[in-house]
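Student: I would like the atomic coordinates for the input below:
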Amino acid sequence: MGMGVLSLLAGHDAARAQAEVKTPYWASIQKDEAFARAGPMATYQIEWVFRRKHLPVKVIKRYGVWRQIVDPSGWSGWMHANMLSRKRTAIVTGLVIAIRAEPQDAARLMWRAEPGVVGELGDCEKGWCEFAVDKRAGWVRQDQIWGAGEP
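Tutor: This is a model prediction of the structure:
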């Protein structure tokens, strides 16, 4: 009996912690297909269908289980919270970028990533961020990706 109550309380704490998250914050799409609507209810029309799992988005408003998101292009719509993850990702913007072995321009070039490549975001420091695509990781300049820094 004690375990059931304990797990119920843990679930309640997790829900409360989720409810206390301040906007704006970074999130990522966690489904292969995610619908964005004109407003924060299922009765609003679907305006966009995202088919980019792990795409970074910025959550700018909350309304119940709905989140108003902004995508990397600046487009905004409403998405159900279960379509989103707090997993931090980033997308390459602008030009082909260099992924370096260390957080500095002179570091060894590991590989390059073209605009639109999405990767998992690690720690950021002094204008550089850890960035991993599949099993390959390295460092990128923070100003060359969208999804890092303050939302």
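
Student: domain-wise, how is the chain divided?
Tutor: For the chain, the domain assignment from automatic domain parsing gives the residue ranges 21-87, 90-146.

Student: can you list those domains in TSV and add mean neighbour count and mean pLDDT?
Tutor: For glycine as for every other residue, the C-beta is placed from the backbone atoms N, C-alpha and C. Conversion of those to TSV gives the following (neighbours: other Cβ atoms under 10 Å; pLDDT from 0 to 100):
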stretch	mean neighbour count	mean pLDDT
domain 21-87	16	97
domain 90-146	16	97
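
Student: and residue 129, what does it touch?
Tutor: 90, 121, 122, 123, 139, 140, 141, 142, 145, 148 (Cβ atoms under 8 Å, 6 or more residues apart in numbering).

Student: how far away from the center of its chain is the one helix or strand it maps to?
Tutor: Assigned by DSSP states H and E, residue 129 belongs to strand 128-133. Counting by Cα atoms, centre = their mean, to the nearest Å, strand 128-133 is centred 13 Å from the centre of its parent chain.

Student: adjacent strands (with direction) for that strand?
Tutor: The pairing partners recorded for strand 128-133 under DSSP bridges are strand 118-125 (antiparallel), strand 136-141 (antiparallel).

Student: dump those into JSON lines; add distance to residue 65 as well.
Tutor: Converted to JSON lines, the strands paired with strand 128-133 look like this (distance: least, Cβ to Cβ, whole Å):
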{"stretch": "strand 118-125", "distance to residue 65": "25"}
{"stretch": "strand 136-141", "distance to residue 65": "34"}
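
Student: where do the strands sit along the protein?
Tutor: Taking DSSP state E as the test, the strands found in the chain are 25-29, 34-37, 46-50, 56-63, 66-70, 76-80, 84-85, 89-92, 97-100, 109-113, 118-125, 128-133, 136-141, 145-146.

Student: quick one on the thing from earlier: next, the angle from the strand holding residue 129 to strand 109-113.
Tutor: If you take axes from the mean of the first three to the mean of the last three Cα atoms, to 10 degrees, strand 128-133 sits at 70 degrees to strand 109-113.

Student: right, I'll leave it there.
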